[in-house]
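S.K.: Structure for the following, please:
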Amino acid sequence: MNKGGNGQHHVSRRAALSCAAAALGSTAIATMVSQAAAQQKISQADATYQSTPKGGQHCDGCANFQAPNACKFVQGNVSPNGWCQLFTPKS
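M.R.: Numbering: from 1, shown residues only. Okay, here's the model as predicted:
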């Protein structure tokens, strides 16, 4: 933070963005990635897709899953029992 000549404090854009990014957390980041991915599907590798569930999380329990074997955001066939980092539980 810089102190201007008039006694006001100024915060650089970089510092403000860094603070905002830290405050967002991983859920918000995943949401942003999901929104960006909506414009163009990403590869299974980029989504860290795996054909097996991760804990209780699996594709057919995800809001992005499109039966029988597709995803709104991930390219190619996905298993209903698969998982990726874009997992968003159905509400």
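S.K.: Touching, residue 64 and residue 85? I think so.
M.R.: No - the criterion here is Cβ atoms under 8 Å, and residue 64 misses it with residue 85 at 11.4 Å. (C-beta placed from N, C-alpha, C; glycine too.)
S.K.: higher neighbour count, these two?
M.R.: Neighbours per residue (other Cβ atoms under 10 Å) separate residue 64 from residue 85, with residue 64 holding more: 20 against 16.
S.K.: Name all residues that make contact with that one.
M.R.: Taking Cβ atoms under 8 Å, 6 or more residues apart in numbering, we find residue 64 in contact with 34, 71, 72, 73, 74, 86, 87, 88.
S.K.: I'd assumed residue 77 was in contact with the second one.
M.R.: No - with contacts defined as Cβ under 8 Å, residue 71 does not count as touching residue 77, sitting 9.2 Å away.
S.K.: Looking at the two, which has the bigger crowd around it?
M.R.: Legend: neighbour count by other Cβ under 10 Å for residue 71 and residue 77, higher for residue 71 (23 against 12).
S.K.: now the helices: where do they sit in the chain?
M.R.: 13-39 (DSSP state H).
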